[in-house]
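> what's the 3D shape of this:
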Amino acid sequence: MPTDRLTPLLQARVDELRDSGRLKGAEAVTVGVVEPAGGKGPRFLIEGHGERPFLRMNSNSYLGLSFATRVIEADEEAVRRYGVGPGAVRFISGTWAPHVKLEARLAAFHGRVAGMLFSSAYATVMGVLPALITDKTAVISDALNHNSIINAISLARPAEKRIYAHVDYDELDRHLASLSKTCARAVVVTDGVFSMRGDHADLARIMQIAAKHDASYAENVIVVADDSHGVGAFGNGGRGTEEVVGGKVDVLIGTLGKAFGVNGGYVVASEPIVQYLRETSPFYIYSNPITPGEAEAARAAVDRVDSEEGRGLLAHLQAMTRRFRDGLRQLGLETVEGQHPVVPLLVRDTHRTGQLVAHLRDNAILATGLAFPVVPKGEEEIRFQISADHSTADIDEALAALAAFR
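Now for the predicted structure:
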């Protein structure tokens, strides 16, 4: 079947993205890793740049655990024992002992009764939210929630949807009060750490507001938090936003693909909620799980975080984050206040953001510029991501490159 009438329309859309400065373009291809040396952290070799080593400041691997010896060994040992793939979806024959052990470990790490793995954090959000939302449900969502949450709500088609201004909990309170008149259930959903800004939700306050209105809903007010950028990287013990602000949400979504350094997503909650999700979520039922090797590697990573060594990594991560944030302020550059290793540099102009990203690359620094529609117009930024792999020399190198930009 020819696509001669469709192809020009698709090309026009790509051209529009390019002309407006929003085209993501070709992806950088990493072809090698240079081990830490001379007081500097690891460097990365990028296709097309020969042997020139780059400082990576755009990775979600906040603790550098993807290179941790024990994590790699756990993966290799499991691959030899179980093979490289699960072989099927879980209810057919794709559940392996490492999956079950990891689910129990994650539940214990977060102080929950039950846990459940998905193929990715995005799939977790898409699999959890629609399963909890009915045609009698009101959904109330933070304005800066992740794209996965936005798409999951659209897929679910709730009875009512309300968006409250970013971290405006008085508005959340008003929405819950008004929606109880027409809806049997309410689902409040928020990011834990907001990925574009590095600030975080006050989950304890959200839970208080939810408790205030719970009796007004026949099927309760349920609070769901996607803390994919928080778990493993935020808090002195790596428990994420819940550890930083206190309190526990009803349903917590996390990822294995950021601070834990591996792959996959997960949810922890009460046993009835997790059992219900296993039976009803198509993103779980009809998708292969992560491999047994990935599951064992992830369990080793959780163990590493939940140790004295892990707390040392987190303390170093916090110190490097403070050093970079303080350096931006000393340069007179604008950022968003916060404690998380996502540190945005607000440029507020799409063209200048692109220029600065190119300048950093010319200085062998990898950083990602974000423009509309990933972020709102006027909030264009470069999102720097600090890692426990970074040294003081790495942070100072990045700050020096920013200082040289004109």
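
> Could you find the closest non-adjacent residue to residue 134?
residue 185 (6.6 Å; C-beta to C-beta, 6 or more residues apart in numbering). Just so you know, the C-beta spots here come from the backbone N, C-alpha and C atoms, and that holds for glycine as well.

> In contact with that neighbour, which residues are there?
With contact set as C-beta atoms under 8 Å, 6 or more residues apart in numbering, residue 185 has these partners: 133-134, 136-138, 217-222.

> Of all the residues in stretch 180-196, which ones are buried?
Neighbour-count burial for stretch 180-196, with 16 or more other C-beta atoms under 10 Å as criterion, is recorded at 180, 183, 185-196.

> now stretch 220-236
By 16+ other C-beta under 10 Å, the buried positions in stretch 220-236 come out as 220-235.

> end to end, how far does stretch 8-28 reach?
Taking C-alpha to C-alpha, to the nearest Å, the span from the opening residue of stretch 8-28 to its closing residue is 27 Å.

> okay, now residue 396: neighbour count?
When neighbours are counted by other C-beta atoms under 10 Å, residue 396 registers 13.

> Quick one, grab the pLDDT at the closest residue to it other than its chain neighbours.
Counting by C-beta to C-beta, 6+ apart, residue 327 is the residue found nearest to residue 396 once chain neighbours are left out, at 7.6 Å. If you check residue 327, the pLDDT there is 97.

> do the one 3 residues further on as well
The predicted local distance difference test score for residue 330 is 96.

> that's a strand at residue 161, yeah?
Yes. Counting by DSSP: H, G, I helix; E, B strand; the rest coil, one finds residue 161 located in a strand.

> For it, name its beta-bridge partners.
residue 139 (DSSP bridges).

> quick one: it and residue 116, what's the gap?
25 Å (C-beta to C-beta, to the nearest Å).

> give the contact list for the residue nearest to residue 396.
Counting by C-beta under 8 Å, 6+ apart, residue 327 touches 395-396, 399.

> Just the closest of those residues to residue 45, please.
residue 395 (21.3 Å; C-beta to C-beta).

> Do I have it right that the closest one meets residue 321?
No. Applying C-beta atoms under 8 Å, one finds residue 395 not in contact with residue 321, separated by 9.1 Å.

> what's the overlap in contacts for those two?
Residues within reach of residue 395 and of residue 321 at once, by C-beta under 8 Å, 6+ apart, are residue 386.

> If we go by neighbour counts, what in the lowest-mean-pLDDT helix or strand in the chain is buried?
Every helix and strand of the chain was ranked by mean pLDDT, DSSP states H and E. The lowest is strand 368-370, at a mean of 89. Buried residues in strand 368-370, counting neighbours by 16+ other C-beta under 10 Å, are found at 368-370.

> Let me know the closest of these to residue 207.
Comparing every one of the buried residues of strand 368-370 with residue 207 (C-beta to C-beta), the shortest separation belongs to residue 370, at 30.2 Å.

> Residue 8 versus the closest one, what's the distance?
Relative to residue 8, residue 370 is positioned 29 Å away (C-beta to C-beta).

> which secondary structure element contains residue 32?
Using DSSP states H and E, the secondary-structure element containing residue 32 is strand 30-34.

> Name the next helix or strand following that strand along the chain.
Along the chain past strand 30-34, the next helix or strand (assigned with DSSP H and E) turns out to be strand 43-46.

> thinking again about what came up before, pull out the buried residues from the contacts of residue 185.
Among the contacts of residue 185, those classed as buried by 16+ other C-beta under 10 Å are 133-134, 137-138, 217, 220-222.

> on that earlier part again, mind putting the buried residues of stretch 180-196 into TSV with distance to residue 88?
Conversion of these to TSV gives the following (distance: C-beta to C-beta, whole Å):
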residue	distance to residue 88
180	44
183	39
185	34
186	37
187	32
188	36
189	31
190	35
191	33
192	32
193	34
194	36
195	32
196	37
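
> where exactly do the strands run in the stretch 201-350 of the chain?
According to DSSP state E, counting those that start in this stretch, the stretch 201-350 of the chain carries its strands in the segments 221-226, 251-255, 265-269, 342-346.

> Tabulate those strands in a markdown table, adding columns for distance to residue 149 and mean pLDDT.
Conversion of the strands of the stretch 201-350 of the chain to a markdown table gives the following (distance: least, C-beta to C-beta, whole Å; pLDDT from 0 to 100):
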| stretch | distance to residue 149 | mean pLDDT |
| --- | --- | --- |
| strand 221-226 | 6 | 98 |
| strand 251-255 | 9 | 98 |
| strand 265-269 | 13 | 98 |
| strand 342-346 | 17 | 96 |
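
> just checking, residue 300 touches residue 76?
No. Proximity of residue 300 to residue 76 does not meet the contact threshold set by C-beta under 8 Å, at 10.9 Å.

> From the recorded domain assignment, give the ranges for the chain.
Domain ranges of the chain: 6-57+307-403, 69-305, per automatic domain parsing.

> out of those domains, deepest packed?
Mean neighbour counts were compared across these using mean count of other C-beta atoms under 10 Å; the top stretch is domain 69-305, at a mean of 20.
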